[in-house]
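K.L.:
Structure for this input, please:
(one chain, ligands or ions: 2)
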Amino acid sequence: MDSMSFILFGSTGDLAKRKIYPALYNLFIDKSMPASFSVVGLGRRNWSHEELQRNVEDAVRTFSRNPVDEEVMEKFLQTFRYHPLDVTKPEAYEDLYQYVQKREEELNIKDNRMFYLSVSPKLFDVIITNVKNSGLSDTQGWKRLIIEKPFGHDLESSRELNRKISTVFDEKEIYRIDHYLGKPMVQNLEALEHSNPVLQALWNKKYIANMQITASEIVGVEERAGYYDKVGAIRDMVQNHMLQLIMMTAMRLPNEINAENIRNEKKKVMEALRPLSKEDVAKNVVRGQYGPGIVNDEHAQGYLDEEGIEDDSKNDTYIAARLWIDNDFWKGVPFYIRTGKRMKEKSTRIVMEFKSPYGRRYEDQDLEPNLLIIEISPNKGVTLQLNSKNSLNNGKLEPVHINFSKDQRDLPEAYELLLLDAMRGDQTYFAHWDEVEMSWEWVQPILDVYEQDEAPLYLYEAGSMGPKAADRLIHEDGFQWW
Ligand SMILES: NC(=O)C1=CN([C@@H]2O[C@H](COP(=O)(O)OP(=O)(O)OC[C@H]3O[C@@H](n4cnc5c(N)ncnc54)[C@H](OP(=O)(O)O)[C@@H]3O)[C@@H](O)[C@H]2O)C=CC1
Ligand SMILES: O=C1O[C@H](COP(=O)(O)O)[C@@H](O)[C@H](O)[C@H]1O
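P.N.:
Ligands and ions are numbered 1, 2, ... in the order given. Reported below is the predicted structural model:
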């Protein structure tokens, strides 16, 4: 792998601590990092190199999946340097440029530069402008941009941001992170379908009655009120993660698996996704907000009582929706999504419910449908629900489960897989602009309806599986949530 500078905007922040440093360490210990690399951490704080290194060390000790090897840790920390920088000050970038070059010379590495924007989206624009004007992005080697979510606040702002970025980076140089695409079981979807002819044969409208994608969380808004109260579940989860999961589940696999082909197939799914008019929103989308309830046997306060939330906030902490993909493979199969905070369990999963064949033999018995359940996180595995006679219960047909689960500890974290791909220059599991733009296009009417408060906001009890209206949405079609 090419030697490079990893220039981290937001090196003193939460994401760097919880995800980026542990991921880099795990890649380092697995010998997946380039032989020579320089990490330059940036932030306004007046830290020394040693302070950054101490923080990196703490972060790795706290959050890494690998036990720490002291010798490896020492070498790892030596790659880190801190450079104080207020990103809003154009004149400060001249020093940064010189510092990055100095490290490149010291380490004798080429000017391959990875810019990682792990800062508030408000700062994306000013950083891009200053990186460009300072000359930092004029390299002989490659330059790449890793950019965190949210990518815009709505369709128009995302287009504006993309226009801005495109003046400095080509699409081939932009790595838009959606960490759900880095989850090992999401990356496994394609293999699961294509290495198993039995699943491949069934993965279409002929056999599937409906597809359900759930991403439920136990946590509430935590310390992110300022951010979350303005975005809600629709922008925080649906526009990106949930629609990416739909694309990954519904795409047809190209003959050759590479970034371009996969992204083309995902784009076709979005092109076929039936758009919602404003009138469709209330019929197909349910928004909810958690009230007080019981979580893990303890009282949990409602959203409006959380610190930093407006008293009369109408923000959605839960969204369920019915979607249709109008192409030859999925026409007539409803896709249901639901995601929310303060729900009963933490689970991200995809469930395919199979159709019941006509003229089946056991019409007198109340049979459960066959299900294929793909657990993405925190459990990782696949379960097939079939029916079988139970000779201990008068030969009654009962559901049985064929099941495999992955050893959780050995699997790399999403950020590890994504950072490795970005360093190798592989964009397969990063969101292409077309996908992001089409996702915003699909979501925009929902945002408009909520902005005007033209749809009901249903309360649900903390610790439940969401509002009753979401159950009604799926019952209308004769199905239930799995
Ligand atoms: N945290 C998470 O779990 C997740 C975060 N994200 C995204 O990652 C990004 C970072 O989030 P997070 O780490 O939580 O944010 P934090 O608020 O924890 O960190 C923000 C970082 O930005 C730096 N910063 C702020 N203003 C300036 C400035 N004017 N000049 C230089 N640096 C500045 C801060 O450094 P200093 O204070 O030293 O100036 C700090 O390092 C956001 O885009 C967020 O949406 C995405 C998914 C999950
Ligand atoms: O991007 C986000 O994702 C997390 C949920 O991620 P997971 O990997 O734990 O499923 C969510 O809590 C957060 O609000 C959102 O910004």
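K.L.:
quick one: secondary structure of Asn403?
P.N.:
strand (DSSP: H, G, I helix; E, B strand; the rest coil).
K.L.:
Measure how buried it is and give me the count.
P.N.:
By other CB atoms under 10 Å, the residues close to Asn403 number 12. In short, each C-beta sits where N, CA and C put it, glycine included.
K.L.:
cool, Thr88 as well?
P.N.:
12.
K.L.:
check contacts around it.
P.N.:
By CB atoms under 8 Å, 6 or more residues apart in numbering, Thr88 lies in contact with Leu123, Val126.
K.L.:
Doesn't it belong to a strand?
P.N.:
No - counting by three-state DSSP, Thr88 falls outside a strand, being coil.
K.L.:
Local confidence estimate at it?
P.N.:
Note for Thr88: predicted pLDDT of 98.
K.L.:
Could you identify the longest helix within the chain?
P.N.:
In the chain, assigned by DSSP state H, the helix with the most residues is helix 433-451.
K.L.:
which secondary structure elements does that helix contact?
P.N.:
helix 155-166, strand 174-176, helix 243-250, helix 259-272, helix 278-284 (3 or more CB pairs under 8 Å, 6 or more residues apart in numbering; DSSP states H and E).
K.L.:
and the gap between the residue of the stretch 101-250 of the chain found nearest ligand 2 and Val221?
P.N.:
Nearest to ligand 2, among the residues of the stretch 101-250 of the chain, is Asp236, at 4.8 Å (CB to the nearest ligand atom). Per CB to CB, to the nearest Å, Asp236 is found 10 Å from Val221.
K.L.:
what is in contact with those two at once?
P.N.:
With CB under 8 Å, 6+ apart as the test, Asp236 and Val221 both reach Tyr228.
K.L.:
Just confirm yes or no for the helix or strand Ala59 falls within near ligand 2.
P.N.:
Using DSSP states H and E, Ala59 sits within helix 49-63. No - applying CB under 6 Å from any ligand atom, one finds helix 49-63 separated from ligand 2 by no less than 13.2 Å.
K.L.:
If we go by neighbour counts, what in that helix is buried?
P.N.:
Counting neighbours by 16 or more other CB atoms under 10 Å, one finds that the buried residues in helix 49-63 are Leu52, Gln53, Asn55, Val56, Glu57, Ala59, Val60.
K.L.:
do the same with stretch 381-397
P.N.:
Neighbour counts over stretch 381-397 (16+ other CB under 10 Å) mark Val382, Thr383, Leu384, Gln385, Asn387, Leu397 as buried.
K.L.:
correct me, but the second one touches Val400?
P.N.:
No - Thr383 is not in contact with Val400 according to CB atoms under 8 Å; the separation is 10.2 Å.
K.L.:
Now do the contacts for the nearest residue to Ser388 once chain neighbours are set aside.
P.N.:
Once flanking residues are discounted, Ser388 sits nearest to Val400: 4.5 Å by CB to CB, 6 or more residues apart in numbering. With contact set as CB under 8 Å, 6+ apart, Val400 has these partners: Gln385, Leu386, Asn387, Ser388.
K.L.:
and the two most separated of the residues you listed?
P.N.:
Greatest spatial distance among those (CB to CB): Gln385 and Ser388, at 10.3 Å.
K.L.:
Between these two, which contacts overlap?
P.N.:
In contact with both Gln385 and Ser388: Pro399, Val400, using CB under 8 Å, 6+ apart.
K.L.:
For the residue in the stretch 351-482 of the chain that ligand 1 sits nearest to, pull up the helix or strand it's in.
P.N.:
Using CB to the nearest ligand atom, Tyr415 is the residue of the stretch 351-482 of the chain that sits closest to ligand 1, at 9.8 Å. Using DSSP H and E, Tyr415 sits in helix 414-424.
K.L.:
Model confidence for Gly13, exactly?
P.N.:
pLDDT at Gly13 comes out at 95.
K.L.:
residues in contact with it?
P.N.:
Gly43, Ser118, Val119.
K.L.:
was I right about the last one contacting Ser11?
P.N.:
No - using CB under 8 Å as the test, Val119 is too far from Ser11 to be in contact (9.6 Å).
K.L.:
who has more neighbours, those two?
P.N.:
Taking other CB under 10 Å, Val119 and Ser11 do not tie; Ser11 has more neighbours (29 against 22).
K.L.:
Within the helices and strands, which one has that one?
P.N.:
Per DSSP H and E, there is no helix or strand for Ser11.
K.L.:
show me what contacts it?
P.N.:
Counting by CB under 8 Å, 6+ apart, Ser11 has contacts Gly41, Leu42, Gly43, Leu52, Tyr82, Ser118.
K.L.:
how about a cut-off of 10 Å?
P.N.:
17, 20-21, 39-43, 45, 47, 52, 55-56, 80-83, 85, 116, 118-119 (CB atoms under 10 Å, 6 or more residues apart in numbering).
K.L.:
my read: Pro121 touches Leu161, true?
P.N.:
Yes - using CB atoms under 10 Å as the test, Pro121 is close enough to Leu161 to be in contact (7.8 Å).
K.L.:
CA atoms only for stretch 330-340 - export them in CSV, please.
P.N.:
This file holds the C-alpha atoms of stretch 330-340, laid out as CSV (Å, rounded to 0.1, in the frame of the first residue of the first chain):
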residue,chain,number,x,y,z
TRP,A,330,-39.3,-6.4,-7.1
LYS,A,331,-42.5,-5.0,-8.5
GLY,A,332,-45.3,-5.8,-6.1
VAL,A,333,-43.1,-6.6,-3.1
PRO,A,334,-43.4,-4.1,-0.3
PHE,A,335,-40.2,-3.1,1.5
TYR,A,336,-40.7,-1.9,5.1
ILE,A,337,-38.2,0.0,7.1
ARG,A,338,-38.3,1.1,10.7
THR,A,339,-35.8,2.8,12.9
GLY,A,340,-36.0,4.5,16.2
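K.L.:
re earlier: a markdown table please, covering the helices and strands packed on helix 433-451 and showing mean neighbour count.
P.N.:
Putting those into a markdown table (neighbours: other CB atoms under 10 Å) gives the following:
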| stretch | mean neighbour count |
| --- | --- |
| helix 155-166 | 16 |
| strand 174-176 | 22 |
| helix 243-250 | 24 |
| helix 259-272 | 18 |
| helix 278-284 | 15 |
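K.L.:
could you dump these to CSV with distance to ligand 2 and mean pLDDT?
P.N.:
Output for the helices and strands packed on helix 433-451, formatted as CSV (distance: least, CB to the nearest ligand atom, whole Å; pLDDT from 0 to 100):
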stretch, distance to ligand 2, mean pLDDT
helix 155-166, 16, 97
strand 174-176, 13, 98
helix 243-250, 11, 97
helix 259-272, 19, 95
helix 278-284, 22, 95
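K.L.:
how much space between Lys143 and ligand 1?
P.N.:
Per CB to the nearest ligand atom, to the nearest Å, Lys143 is found 20 Å from ligand 1.
K.L.:
Equivalent analysis for Trp330, please.
P.N.:
Taken as CB to the nearest ligand atom, the span from Trp330 to ligand 1 is 30 Å.
K.L.:
All set, thanks.
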